[in-house]
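In: Output the structure for:
(one chain, ligands or ions: 2)
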Amino acid sequence: MTLTVTVIIPALNEAGNIADLVAAVLAQPVDQVIVVDNGSTDDTAPRAGAAGALVVTEPRRGYGYACAAGVARASGDILVFLDGDFSFAPAEMPRLIEPILRGEAELVLGSRTRGIILPGAMPPHQRFGNRLTAWLMGLLYGVAVTDLGPYRAVRRELLLSLGMAEMTYGWPTEMMVKAARRHAAIVEVPVSYAPRRAGKSKVSGTLRGSLLAGWYILGVTLRYAFAHSAAQKSA
Ligand SMILES: Nc1nc2c(ncn2[C@@H]2O[C@H](COP(=O)(O)OP(=O)(O)OP(=O)(O)O)[C@@H](O)[C@H]2O)c(=O)[nH]1
Ligand SMILES: [Mg+2]
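Out: Ligands and ions are numbered 1, 2, ... in the order given. Below is the predicted model of the structure:
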């Protein structure tokens with residue numbers, strides 16, 4: 001059986017990036033490209049549609065809401081998540097997909113730490129936060145990861161079975177810790193990371209975004225570890 005691939009791009013005011021990004025993604029061996037417009041006030045949605053993406057609208061603001069809305073409309077067996085600011089390379093997508101096609105992984109995480117981080121792409125506080133959380137994940141969940149990158153591929157059936165509940169900044173972390181608790185096959189591959197091509201940062205480039213992201217990421221990492229040990233004790 002051939003597995004099909006859907007790429008899901010959450011986007012908030014990415015009009016300067018989205019058309020080129022969708023075109024580059026469509027040059028890859030993928031079956032469906034979904035751009036989830038999360039309440040953009042610019043031309044993100046029409047430009048994404050004109051470039052050939054299926055545009056899904058999710059008015060509830062939040063990275064997790066956007067990803068979940070994309071998942072709900074995705075037809076692929078493999079779901080790839082990719083930021084809308086062109087900071088990741090669509091040409092590297094086969095690295096993420098192939099371990100799943102070979103049956104070696106159910107979740108493939110693109111690690112910027114193992115790959116190339118271009119100057120200015122990742123501020124020091126984000127590098128520190130990612131390393132700290134990756135270390136904590138090793139300690140609490142026994143999963144060997146080096147980054148918490150959003151560029152990733154997952155088996156649709158695994159993701160649907162996780163019961164994702166974090167609808168904002170915690171979504172990528174929740175996917176990792178729940179998959180780890182499930183003892184799903186998790187593989188890391190190197191990916192490159194560049195500064196966003198155009199437009200404004202909403203997360204790591206702003207104080208508010210960084211504080212909120214850090215709070216949610218650490219909170220989710222600790223909370224599901226606690227739920228895990230409580231469940232084990234009562235079992
Ligand atoms: N759906 C949705 N997407 C968001 C939201 N905030 C950011 N995004 C998207 O999520 C991705 C990551 O946001 P960025 O602003 O690039 O955050 P960052 O990568 O930490 O910051 P940069 O340094 O500017 O790249 C981009 O595709 C954004 O358009 C949001 O509230 N909802
Ligand atoms: Mg970005």
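
In: Is stretch 197-204 in proximity to ligand 2?
Out: No - Stretch 197-204 stays clear of ligand 2 (CB under 5 Å from the ion), getting no nearer than 6.4 Å. All C-beta atoms are positioned from the backbone trio N, CA, C, and that covers glycine.

In: same thing with stretch 134-149?
Out: No - contact of stretch 134-149 with ligand 2 (CB under 5 Å from the ion) is absent, the minimum separation being 10.6 Å.

In: Which of the residues in that stretch are classified as buried?
Out: 134, 136, 137, 140, 141, 143, 145, 146, 147, 148, 149 (16 or more other CB atoms under 10 Å).

In: roughly how far apart are the fourth one and residue 181?
Out: Going back to what we said before, that points to residue 140. Distance of residue 140 to residue 181, given as CB to CB, to the nearest Å: 10 Å.

In: for residue 195, same thing?
Out: Distance from residue 195 to residue 181, by CB to CB: 34 Å.

In: Next: residue 51.
Out: 38 Å.

In: more crowded one of residue 195 and residue 181?
Out: residue 181 (18 against 15; other CB atoms under 10 Å).

In: Do I have it right that the more buried one meets residue 226?
Out: No - applying CB atoms under 8 Å as the test, residue 181 and residue 226 come out as separate, 11.7 Å apart.

In: Nearest spatial neighbour of the most centrally placed residue in the chain, chain-adjacent residues omitted?
Out: Central residue of the chain (CA atoms, centre = their mean): residue 150, 2.8 Å from the mean position. The spatial neighbour of residue 150 that comes closest, neighbours along the chain excluded (CB to CB, 6 or more residues apart in numbering), is residue 172 at 5.2 Å.
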